[in-house]
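Enquirer: Give me coordinates for this.
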Amino acid sequence: MLLRTRQKSHERTMHQLDQKLRIAEMKREEWEIKCEIFKSYLPIRFKIKFNKLIVLLSIVAIISYTIAAILLQKYTMMELSPTLTTCVYAFFGTELLGLAGIKICDTKFTQCETSKVIENIIEEDPDAVG
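Expert: Coordinates of the predicted model:
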C-alpha cells in the first residue's frame, strides 16, 4: 500500500513537471515570435559586434564616472579617491587601447593579404591591367 502511494506521487510529480516543461516551451516560442514581430517594425537592423559593444560600454562608463565624480564633489565638497579615479581611467583606457590595437593590426593584416592576392593575380595574368 505504501509503495503504491509513492508510485502515484512520483507519477503525479513527473506529470506536473512535464506540463511545466510544455508551458515553458510554449512561452519561449511566444517570446521568440514577439521578438521577430518587434524586429520587423524596426526600420534599421542592429547587429553590433562584440568589440564595438565593449568600446561603447567603456565610453559610457568613463563618462558616467566623470559626471558622478563631479556631482559628488560639488554636493559633498569632498574629492573622490584619486586612486579610484586613476584605476577607473586606467582600466577603461587600457581596454580601449587594446581594442584599438587589435583593430589596427587586423586592418593591416587584411590589407597585406589583399595586396598579395592582387599581386598574384597580376603575375599570373600577363594581360591584366594594373
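
Enquirer: okay, and for this structure, where does confidence drop off?
Expert: Low-confidence segments of the chain, defined by pLDDT under 70: 1-8, 46, 113-130.

Enquirer: and the most centrally placed residue in it, how far is that from residue 109?
Expert: Most central in the chain under CA atoms, centre = their mean is residue 50, positioned 4.7 Å from the mean C-alpha point. Distance, residue 50 to residue 109, using CB to CB, to the nearest Å: 19 Å. Glycine gets a C-beta too; all of them are placed from N, C-alpha and C.

Enquirer: next structured bit after the helix or strand hosting residue 23?
Expert: If you go by DSSP states H and E, residue 23 is part of helix 2-41. Tracing the chain past helix 2-41, the next element assigned as helix or strand by DSSP H and E is helix 50-76.

Enquirer: List the buried residues for that following helix?
Expert: By 16 or more other CB atoms under 10 Å, the buried positions in helix 50-76 come out as 54, 55, 58, 62, 65, 69.

Enquirer: tell me the contacts of the second one?
Expert: With CB atoms under 8 Å, 6 or more residues apart in numbering as the criterion, the residues that contact residue 55 are 96, 99.

Enquirer: give me that answer again for 10 Å
Expert: 48, 49, 92, 95, 96, 99, 100, 103 (CB atoms under 10 Å, 6 or more residues apart in numbering).

Enquirer: top of those residues by neighbour count?
Expert: residue 92 (19 neighbours; other CB atoms under 10 Å).

Enquirer: Next one: it from residue 110, what distance?
Expert: The value you get for residue 92 to residue 110, if CB to CB is used, is 27 Å.

Enquirer: now residue 84
Expert: 39 Å.

Enquirer: cool, residue 77 as well?
Expert: For residue 77, the distance to residue 110 - CB to CB - is 53 Å.

Enquirer: more neighbours, these two?
Expert: Neighbour count, other CB under 10 Å: between residue 77 and residue 110, residue 110 has more, with 10 against 7.

Enquirer: which stretch of helix or strand covers the more buried one?
Expert: Using DSSP H and E, residue 110 falls in helix 82-124.
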